[in-house]
Every structure is written in C-alpha cells, then in structure tokens.
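Student: this is a predicted model, with the sequence first.
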Amino acid sequence: MLKFFRRFTTDDALIVMILIIGALLRFYRLPEIPFTHDEFSAILRTNFAGFYELVEKGIKIDGHPAGIQVFLFYYIRIFGISETGLKIPFILCGIFSIWLVYLVGKDWFNATVGLVAASFIAFLQFPVMYSQIARPYSSGLCFTLMMVFFWTKVIFHPHRKYYLNLAGYTLSGVLCVYNHHFTMLFAAMAGITGLFYCRRDLMRQYIAAGLLVIVLYLPHLPILIYQLGIGGIEGWLSKPRFDFIFDYLQYIFQFSVYVYLLIFLLISLSFYWYQEKPRVKNKFILISAIWFLIPYFTGFFYSIFRSSVLQYSVLIFSFPFILFVLFGYFKTTRFLHKVILIVLIGVVVIPSLISGRQHYRLFYRDIYREMVAESKQKIDSLGVANCKVILDTKKEINSYYLKKLNCPDLPFSYFNELKAKGSLLAYLDTCKANFLAYGCLTSTNWENYPLMMEEYPFLIQHKSYCGGDFYLFSRIKPVKVTSEYFYTLINTFEPSLPEWGWVNEKRCIDSLAVDGKKSYLNVAGTEFSPAYSKSLRDMFHSENDVIDVSIDLRTPPVFPGAWLVLTVSADGKDLKWSSTAVNDFVNPGHTGRVFHTLRISDVDLRHHRLMFNAFIWNPMKSPYLMDNFTIKVRKGNPVIYGLYRNVDI
C-alpha cells in the first residue's frame, strides 16, 4: 500500500479528479436519462427467439456490425430492459475513454497534453451525451483508444511486455471491427500506419496480429456484403455540404464563443509556456491529423458519391486526435500550469454544457415519454369526455411508456390510423370534446397545426422538446388569447395584393364566389395560379419558425389533380420544393381548404437572395376557383434540433 502511494504522482491526482468530474457529469440523475429513438430501435431488434433470427432480422437490416447488437441481445436476456441498467456499460466505456485519452496523450506527448485532452473528453457535451446512449459510439471510442494504447506499446515500446501488448492490440482490434464500420476503418488505418514504424525484426509478429484480426472478422463478412448492398440512411440523412467540417467543429465545441476563445487561449499558452524539453513529437501530430482526416474524408466522399453515412456521431472515434493536433505543443511540466489548464477548461466548458447547451434539460426530456405523460395529465385534469388526444408517435415505443407510466388504457388515437389528411378533418368534425391534445414527432405532417386550429381555434399550451412538440387546443375562448402567429397575409382577390405580383383582375369574378364578393378563376388551360413571392429572410424571426399556407378551392366534378406547392429558391434555382395534393383535402366537385407547411429549419439558409414562393400547380390545366390565399408565419420549436444545432431560446 505504501509503495502504491509513493508511486501516486500529482498527475495521477489530477487525472483522478478529471475522472470523478467526468463520471458525475455522465451519471447525474441516471434513472431519468431516457432512451433515444436509436436505442429503442436497437432494443426492439433484440426480441427474437434465437441467434439466427437475431442476425437475419435484427442485424443485417441495421447497417452496423453485429457486436453491440449481440451484446444487447444477451444483456437484455440477463438483466431485462431498463434505462439505468442498459446505459451503465456505455457510461463506463465513456469514463474509461477519459483515462485512455490521458494515457495515450501522455505517452505520445507528455502528461500536460494528456490532461488537457482528457479534460475536454470529460466535460464536452459530444462525448458526455454519447456516453449516455447505449449504441456503438461510446464503446467504439473506448475500443479505438484501447487499440491505440496497445498499438503504441507494440510499435514504440516493444521492449516492455511485448506479447501481452500484442495480444491486447489484437483483441481491441477485433472489438473495433465488430463495433462499427468506422471503428473498423480506424483499426485498418492504425494497422497500416504501424507498418511505417514497426521494427523490422518484429514485423512478422505485427503482420500476424493484423491477419488474425481479419481472420476473426471473416464470419461477419456475409453480413457486411449484405449491408453494403442495402446502402446508407438517405431516407433521413441528407448528403453533407462542403462545409460540413465547420458545422462539426462548431458542434463539438458547443457553439460557444467562450469555448472558442478558450481554445485560442490554450493554444497561445502552449507557445507562451515554452520549455526546451520535453521535445514535441511531430510524428504524433502528423499521425493524429491523418487519423482524424481519413475517417472524415472517407465518410464525406462515400456520402457524396454513394450513400449518406456522414454524421457527427461517426466522427467521435477520431475526435480525441483533433485534440492532440490542437494541444500537442504543450510542453510545460509545472504542476501549477496543469492545474490552471484543467480549471480553465472546467470553468468554461462545464457551464456551457449545463447552461449554454442545456444538456440536462433537453436531453433528459424525451418526446416519446413526455407526450404520454402530458396526455395523461390533460385527460386527468379535463376529463375523458372533454379532451380528445391524438399522438403522432411510434406504436412500439409508445407502448413502452404507456406501461412504464401506468396508463395502459389511456384513451387516445394514433395519427397514422387516421390515414389521409381528409380523415383527420372528418375526425375533428365529429369530436364533441372542447379540448384537443396533440403530441407529435419531428417527422409529423406540419400542416396538422393549422388544420387542427380550424376546429379548435385557440392554442392553450405548446410545449417544445428535442424531436417533437405537445399542443393543447380549445374550442372555448380563454380569458387571455395567445397566438404563435406573428405574420398573416390573406389575399381575397378583392382586389389582389401586390405580394402576388401582377394578377389579371378580369379573372376576379363575383359569380359563384367561394367566399366574400369575389374569387379568382383559374380558367381551363392555366397550369400555374398567381404566386405569392417574398424574400424569405423578411418573413421569419428565427430559423425554427414555420410558414403555414392555405387556400380555399372549389373544383369541378372532374378534377384529375393539382398541388399546392411551396418553394425556396436562390438566384432562380430551387433549393427546397414541397407540395401537397389538393385532392387530399378537397374532393372533386366540392369546396374546401388546402393546407401546406414549410419549416424554416428544413431550409439551407447559407445562401443569398432566398425567395419564398407559394402557388397552385395544375399540370392537367383544369379550371377551378380559389379564394383566401393565406400566408401565416408562426413561432416554431426553438429546441427541436437542440441536441445537434445551436440552442437559441
């Protein structure tokens, strides 16, 4: 025991302190950390009778290697499903990663670099959040760092326990190839790098270790070939822009000016606190840069030319190495300097995590759970007969929370069971309740909001969450009326308004008007209606705002179809084009109102001269009447993408 304390240095005390703080940030209110959608997807793919069925139905279709899914399959069989139990192994991986970053940084450079890099891994939201998610990201970070740790011993310190370190390198390499495709890429990248530095007399053993990793991966090869055949995740992940790397850097450093200034200060101090020794090992700066850039460019070009795979999460495995590039020039060995650096990082980054990124408020309030809890509270307070509930959610996930919150018989309707938009209108027409509660995900039909306000015109409550919203509408006018709309413009064509450009006033007729004295007649042979056009930047206050468009139409008995189209263009080129079918709202030969909605957050705003346009596209050139062409802009959900974008509340 005395020998241990004699060997316990001040650097050891500092890394222990960093580990404790990193653990507290990850374990804080552990039972309240919810499952994410990605975790639910993995959990639902463990409900199989045996291993073969797991592979065929739970692994092949996922796009990830089998390792973590197999682990979850057996872990859930032993310990069951609970947020706390399932997340603990991944949180421990995240904490172990802090220590490994320190060890690698200390070995490659010096203890100061290791402590600085470990502090960022411990305190930043990027590694903290992914440590709290039971998916292959925290584990992958741990496995890659473990592999690098043993790789360093094998390549640069072969005189110390060589074969034990070689075994550790081989085992961690196997864990990497079975964890994630990007950790497999990292293992290959490290293996090839080692060929340039390995001693000649040990080259045979080193190559044999690499070949053993490949041999142990061969049983998985048919799964990899199948997954490559089904492509990526372009159903919801768009192709990256050329400036994706700048978005990523802003994200990992928490969109915080204070963190940016901190990095600048630390880099300046690394040159100001100059010492002759220890010498900076430039080869490790080069290796770090290569190990960060290769995964990035691989993901970028694969996404551009084949199928989208590049997202922030897959770059976590190479994240520590950008820290080594930034801070690898620290050479100070003074204890006071090390304390100052750690305190500076903690004082700036942790408040940014808690207050700026609002991690514990946003990440801990899951939309799936909250919409069930809110629905239960509304029904309990307003009564079943007086409050109808519609939830646009995933049935399998919703069932979990209905059971967890002890309300399996909660009376509500699934939105997707109402099918077409016209069915929702019909459902609302039959509702006798005075209140309507509506919970929805990001993927919902956003025109549901104005559509519901047709029958329930008063908004009583709107709660915003990452990934979705919960609303309470009412037919009864409250004492204090609140509205989220801050821009409204209605063209009744009596006469037409200038925002619609030149309109042939002769077509504004007073016979068979849809509403008021006149309506606009789109005569047979006309493909496009008058179009509303306005500078997009003049329409919204925040990039989270929402534009609602509605038009009253009367169509002839034979009406093949037309579409309400919303576009955003820059210099005449469409950047965003979306539409809704008129016949989803108005049956041929009838009068009705068509709705369509555009979220500003779905538009790439990094263009100049953005124009918003709204019009009816009538490719069959059938005649129809239109009236009350309405443009409304409302305040949106400021945190809907708050886990991955800047939070502006």
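Tutor: Here it is on my side, so go on.
Student: and the spatially closest residue to residue 61 that is not a sequence neighbour, how many neighbours does it have?
Tutor: Among residues not flanking residue 61 along the chain, residue 230 sits closest, at 7.4 Å (Cβ to Cβ, 6 or more residues apart in numbering). The way it works is simple: take the backbone N, C-alpha and C, and place the C-beta from them, glycine included. Residues within reach of residue 230, counting by other Cβ atoms under 10 Å, total 12.
Student: gap between residue 230 and residue 455?
Tutor: Plainly put, residue 230 is 42 Å away from residue 455 if you go by Cβ to Cβ, to the nearest Å.
Student: so where is the stretch 301-450 of the chain shaky, pLDDT-wise?
Tutor: 419-422 (pLDDT under 70).
Student: tell me where it has strands.
Tutor: In the stretch 301-450 of the chain, the strands defined using DSSP state E, counting those that start in this stretch lie at 387-392, 413-414, 435-441.
Student: nearest to residue 7, out of those strands?
Tutor: strand 435-441 (53.7 Å; Cβ to Cβ).
Student: phi and psi next, for residue 254.
Tutor: phi 70, psi 20 (degrees, to the nearest 10).
Student: what's the burial count for the closest residue to it other than its chain neighbours?
Tutor: Of all residues not flanking residue 254 in the chain, residue 352 sits nearest, at 4.8 Å (Cβ to Cβ, 6+ apart). Applying other Cβ under 10 Å, we find 22 residues neighbouring residue 352.
Student: check the one 5 residues further on too.
Tutor: When counting by other Cβ under 10 Å, one arrives at 25 neighbours for residue 357.
Student: need the contact list for it.
Tutor: Applying Cβ atoms under 8 Å, 6 or more residues apart in numbering to residue 357 gives the contacts 125, 254, 255, 647.
Student: tell me the spacing between it and residue 601.
Tutor: Taking Cβ to Cβ, one finds residue 357 at 18 Å from residue 601.
Student: any stretches of the stretch 451-600 of the chain with poor pLDDT?
Tutor: Scanning the stretch 451-600 of the chain for pLDDT under 70 picks out nothing.
Student: all strands for it, in order.
Tutor: According to DSSP E, counting those that start in this stretch, the strands that the stretch 451-600 of the chain contains are 458-465, 468-474, 485-491, 508-509, 519-522, 532-535, 546-554, 563-570, 573-581, 591-599.
Student: ok, which of those strands comes nearest residue 427?
Tutor: Between the strands of the stretch 451-600 of the chain, strand 468-474 lies closest to residue 427; by Cβ to Cβ that is 13.6 Å.
Student: before we move on, the earlier item: using CSV, lay out the strands of the stretch 301-450 of the chain together with distance to residue 582 and mean neighbour count.
Tutor: Formatted as CSV, the strands of the stretch 301-450 of the chain follow (distance: least, Cβ to Cβ, whole Å; neighbours: other Cβ atoms under 10 Å):
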stretch, distance to residue 582, mean neighbour count
strand 387-392, 23, 23
strand 413-414, 25, 13
strand 435-441, 24, 24
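Student: of all these, which one is nearest residue 498?
Tutor: strand 435-441 (35.5 Å).
Student: quick check, residue 335 in contact with residue 13.
Tutor: No. In this structure, residue 335 is not within contact of residue 13 by Cβ atoms under 8 Å, at 9.5 Å.
Student: residue ranges of each domain in the protein, please.
Tutor: If you go by automatic domain parsing, the domain ranges for the chain are 7-362, 367-474, 485-634.
Student: nearest to residue 643, of those domains?
Tutor: Closest approach to residue 643 among the domains of the chain is made by domain 367-474 (5.2 Å; Cβ to Cβ).
Student: counting by contacts, list what the longest helix that the chain contains packs against.
Tutor: Ranked by residue count under DSSP state H, the longest helix found in the chain is helix 83-108. Counting contacts by 3 or more Cβ pairs under 8 Å, 6 or more residues apart in numbering; DSSP states H and E, helix 83-108 packs against helix 10-27, helix 67-79, helix 111-123, helix 125-131, helix 138-156, helix 319-327.
Student: can you state the direction angle for the third one and helix 319-327?
Tutor: Pointing back at helix 111-123 there. Angle, helix 111-123 to helix 319-327, by axes from the mean of the first three to the mean of the last three Cα atoms, to 10 degrees: 130 degrees.
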